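[1] Quick one: sequence plus predicted model below, questions after.
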Amino acid sequence: MGSLSKFETLKKDFLNSLPEDRYELLKNLVDYSSCIGDFIFRHTDQLEYLFTELEKPLKGREKLVNEAMDLVNIPDEEEFIRSLTFFKMKHFSRIVAKDITEKNHLLELTEEYSYLADACFEVAFERAYRKHKNRYGTPIDEATGEEAKGSVIALGKHGGLDLNYYSDVDVMYIYSNEGKTTKGITNREFFINMFKDVTRYLTKRNFEGVTWIVDLDLRPEGKKGFIAYSLPAIEFYYWSHGRTWERHMLIKARHAAGDYDLSKEFMSIIQPFVYRKYSGEEIFEEILEMKKLIETEAKKKIKGEYDVKRGEGGIREVEFTVQILQLLYGGKDPELRERRTVKALQKLINKGYLSKKDGELLENGYIFLRKLEHLIQIKGCVQTQSFSFKDAGYYAKKLGFNDEKEFLNKLEYYKENIKKIFENITPETDIKLTPLQRFIITKQYEEEAEEYLGNLGFKDPSWALSRFKEIFFSKMYVELNENSKEILFSFIPKFENELRDFQDREDFLLNFSKMMVEGGMLWVFVSALEQNENLVRFMLNIAKLSDYISDLMSRDRELLDWAFGIEDVPQERKDFEKELKVIRKDLELSDRLKRLKKIVEVLVSLKYLSQIQNKESKKRLEEINISLSNLADFILDELYRYFDGKSFAVYALGKLGSKEMNIGSDLDLIFVFKDERSKNQFIRIPSQIVKTLTSYSREGLLYQLDLRLRPFGKRGELSPSLSFYKTYFEKEARSWEKLAWTKARFITGDRETKEAFEDIINDFLFTKPIDERFIEEIFEMRFRLEGLVRETPEEIDIKLGKGGITDIEFLIQIFLIINRSRETNILNGVERYFPNIVDEYVFLREVEARLRMIKGVGMSKIYKNSPFLYRIAHSFKIEPHQLWEKIIETKKNIRDIFLREIKILRNRFKT
């Protein structure tokens, strides 16, 4: 017990000079706290100050800060530190004096004491900031160009304005952003060194003792982390790594010192992290696990003692009871977002989350235990919460009980009932989180999340979980506002169902994650979730069907602006010219054209996919064909002009010739010079065009070329003259070549050459009459092509295979030659000559289009067990076996028609 013997021995004159009321105050203070007695012994004048303050109101934060700031300019640092400790002890003694004389309620005193800590941090911060600014220059925020700010965030009981008399002060140091000071060091270096000084000022032992014990362990990454973090880094940390215990801890976070606006911004960032709209039982379970750890630790204490903070039925259980309910319901009920435990308790009672009986018991028990805790701490001037039962009589007297038994009965009553209330809390959650949601919100239970993903059908659940981490732990997700985060989080179960129901779920998830994060589409998707269900479905369809478009949009974020920034797909020359003008002028023409091609392919594909469920399949197919064919025409014309092409024409065969270009289609090009003189003069230009079309750069490549349809195929000359073609067609060309040349279409170049070449083509196609031999040769060529693909029961080719698209093309081309028609478009020919198979032709072309959209390359083979078959079937809203059967049936019908028509033609032209 404290006594006045020290004063009686060494300062008897001072003791004898005291009036009775001052003497009684000193006697009580020494009896309660030996360290306050030591403080007064060193500074006897402070007793009068303490006495005169007893009847005065508490000072509050502003007055304490103003008084502390008088110390900031003390020249010597050691003197500053000593003066700061004196300032703390002076006001600590004032608060304890008011406590033991019952001048103020406990909660008013802990609030005052918390503000005392704020005042000490404010002056320490100001001194350290000035010192480092003078030494290293002004820190500049790299994002705004303005002076970077720092602040101290109060946590724990300090943050909750419930600070213990001998408690650590839990804080976090933050600064606004990265950057450099005006003298060249990084902001991180500046603020880390500056905050080290703040801590040193407060914790260095001196003649007066220690000002505060500063605990930084609640900062991101705890002891392993930096001493200070920038605001963006903190935001990213909590949303990508933050655990439930950190949400629990941040309930009490508030501004303590430094820049208030920065602290306010910090609060706005953490609030949606702490108070989630969707909180399930996992919050309750995790905090129970935390409590078990604390109880286990508390039971290791010395026998005959009780830990009023961590023990069963102790302070921590009251705090946890309150905070569990705050975390569970505070997301939907903002009134529960209260830092102070007792005030939060009262709000929980008023809002019906706790019964009045239980709430009042917890409040009374909490105050009783906190008073006991303070007595324990100031008695020995140490940071402890251990109550020794042998001292029960002392505490009974100090707390106003009649005897030791009454005190111990009250202690046991509160312990038992607090424990009972805590154990019987049954939170009502209006949502059952899936294991994946549970992992995302807690950053724990990873094994359960992986097991769940395995049950959804993923072959490698760990890989799948990594894709979800990429989305929900990304900087882009962190930067979403509170409402957007909740919307995306609540979409997870629906997305899980999409994945469960989609067989090729790995590619679907990969495409989706790439589009969302790498492609920067997360904010678009979240906005669509809130406002446009059709857009959500559309974006999911892209991820399901097209690796190519997903990859393009993930690698080139600018495509996002194009994809959702215009309403009409570029289709004509004027459209392409308009878009080309917007593309960066500092790029080479070839790269600008490649970028234009990517843009148009993305837009065309997106429009196609957006219309994939409507019934106008023919119109949908024609739009993609026309846009992509006109684009190729435009690109060839631009290159012809760029290389100053003269005296030659560019023609197209194949899909470009028929204006049926698709994703991944190559170009069948023909270059023809007017005469040999022109050819010798401009021979390099076609080669330059070909090189530009086929060369790779960062922007990719324009087109693959197929030169097999020119005279003598790949061995033939790239750009012969008109006279060569005239001779070749008359003497060398085979019958099947006529079919290829029905698609010959002028693209760009010399008009005089074009007119002459048209005559040569017409003569080749129509001058020689059709006979049985011609039909036989065509028939043989068709079977030769069919033999190249070697179909099996497990593999079919919708283009070259039996009954494929080529059957229809051959038929139409024969009829065009017979009818002397220069129609190059096959679909138009089908409508004219075989209207009964338009649907079959369009169906196969749509299957081909969707197959090519998967990887962005020319493909026509489909395998029975391929995920590609599943993906295409899903786009048609049918099962894979149904699509397979429909393709087989369609090809059989086309083959029957082909064979029938060939037979009719044989008979018709039989000599």
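    Yep, it's here.
[2] How far off centre is stretch 6-14?
    Distance, stretch centre to chain centre, for stretch 6-14: 69 Å (C-alpha atoms, centre = their mean, to the nearest Å).
[3] and it, which residues are buried?
    Phe7 (16 or more other C-beta atoms under 10 Å). In this view, the C-beta of every residue, glycine as well, is placed from N, C-alpha and C.
[4] okay, and for the stretch 501-650 of the chain, where does confidence drop off?
    Residue ranges of the stretch 501-650 of the chain with pLDDT under 70: 557-567.
[5] where exactly do the helices run in it?
    505-513, 522-531, 533-545, 547-555, 558-565, 573-582, 589-610, 617-642 (DSSP state H, counting those that start in this stretch).
[6] Which among those helices is found nearest to Lys390?
    helix 522-531 (62.0 Å; C-beta to C-beta).
[7] Output the closest one as CSV, restricted to C-alpha atoms.
    C-alpha atoms of helix 522-531 as CSV (Å, rounded to 0.1, in the frame of the first residue of the first chain):
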residue,chain,number,x,y,z
LEU,A,522,-14.6,-5.0,-63.9
TRP,A,523,-16.3,-1.7,-63.4
VAL,A,524,-18.3,-2.2,-66.6
PHE,A,525,-19.5,-5.6,-65.4
VAL,A,526,-20.4,-4.3,-61.9
SER,A,527,-22.4,-1.5,-63.5
ALA,A,528,-24.2,-4.0,-65.7
LEU,A,529,-25.0,-6.1,-62.7
GLU,A,530,-26.8,-3.1,-61.2
GLN,A,531,-28.5,-1.7,-64.4
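[8] Format the helices of the stretch 501-650 of the chain as CSV; extra columns: distance to Lys420.
    Conversion of the helices of the stretch 501-650 of the chain to CSV gives the following (distance: least, C-beta to C-beta, whole Å):
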stretch, distance to Lys420
helix 505-513, 47
helix 522-531, 44
helix 533-545, 48
helix 547-555, 55
helix 558-565, 57
helix 573-582, 70
helix 589-610, 60
helix 617-642, 68
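[9] In TSV, list the ones you listed along with distance to Lys877 and mean neighbour count.
    Below are the helices of the stretch 501-650 of the chain laid out as TSV (distance: least, C-beta to C-beta, whole Å; neighbours: other C-beta atoms under 10 Å):
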stretch	distance to Lys877	mean neighbour count
helix 505-513	16	22
helix 522-531	21	17
helix 533-545	11	19
helix 547-555	20	22
helix 558-565	24	17
helix 573-582	32	15
helix 589-610	13	22
helix 617-642	13	20
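[10] so which of those helices comes closest to Gly242?
    Judged by C-beta to C-beta, the one of the helices of the stretch 501-650 of the chain that comes nearest to Gly242 is helix 522-531, at 18.9 Å.
[11] what sits up against that closest one?
    Residues from elsewhere that reach helix 522-531 (C-beta atoms under 8 Å, 6 or more residues apart in numbering): 471, 474, 476-477, 480, 484, 487-488, 491, 516, 535-536, 539, 560, 564.
[12] max-length helix in the chain?
    Criterion DSSP state H: the longest helix present in the chain is helix 106-136.
[13] can you pull the buried residues of that helix?
    Quick answer for helix 106-136 (16+ other C-beta under 10 Å): 106-129, 132-133, 136.
[14] and the closest residue to Gly225 other than its chain neighbours, which of the three is it?
    Nearest non-adjacent residue to Gly225, counting by C-beta to C-beta, 6 or more residues apart in numbering: Arg219, 5.4 Å away. Here Arg219 takes the coil state, with states given by DSSP: H, G, I helix; E, B strand; the rest coil.
[15] just checking, Arg219 touches Tyr173?
    Yes - contact status for Arg219 versus Tyr173: in contact at 7.2 Å, counting by C-beta atoms under 8 Å.
[16] where do the contact lists of these two overlap?
    Common neighbours of Arg219 and Tyr173 (criterion: C-beta under 8 Å, 6+ apart): 227, 229.
[17] Those two: which is more packed in?
    Tyr173 (26 against 23; other C-beta atoms under 10 Å).
[18] for the helix or strand where the more buried one lies, packing partners?
    Using DSSP states H and E, Tyr173 sits in strand 169-175. If you count contacts as 3 or more C-beta pairs under 8 Å, 6 or more residues apart in numbering; DSSP states H and E, strand 169-175 packs onto helix 106-136, strand 150-154, helix 156-159, helix 187-203, strand 214-215, strand 228-230, helix 231-241, helix 260-274.
[19] What helices and strands are in contact with the fourth one?
    Using 3+ C-beta pairs under 8 Å, 6+ apart as the contact test, the elements touching helix 187-203 are helix 77-100, helix 106-136, strand 150-154, strand 169-175, strand 214-215, strand 228-230.
[20] Any chance of CSV for these, columns distance to Arg370?
    Output for the helices and strands packed on helix 187-203, formatted as CSV (distance: least, C-beta to C-beta, whole Å):
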stretch, distance to Arg370
helix 77-100, 11
helix 106-136, 6
strand 150-154, 18
strand 169-175, 17
strand 214-215, 19
strand 228-230, 32
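[21] Point out the one among the ones you listed that comes closest to Glu831.
    With C-beta to C-beta as the criterion, Glu831 lies closest to strand 228-230 of those, at 65.2 Å.
[22] ok now that closest one, how far from the chain's centre?
    Centroid separation for strand 228-230 versus its chain: 21 Å, with C-alpha atoms, centre = their mean.
[23] rewinding a little: and the direction of the longest helix of the chain versus that of helix 187-203, what angle?
    Per axes from the mean of the first three to the mean of the last three C-alpha atoms, to 10 degrees, the angle that helix 106-136 makes with helix 187-203 is 130 degrees.
[24] for helix 106-136, the distance to its chain's centre please.
    That offset, for helix 106-136, works out to 37 Å (C-alpha atoms, centre = their mean).
[25] Stretch 859-867 now?
    Centroid separation between stretch 859-867 and its chain, computed with C-alpha atoms, centre = their mean, is 34 Å.
[26] start to end distance for that stretch?
    End-to-end distance for stretch 859-867: 14 Å, by C-alpha to C-alpha, to the nearest Å.
[27] Buried residues in it, which are they?
    859-862, 866-867.
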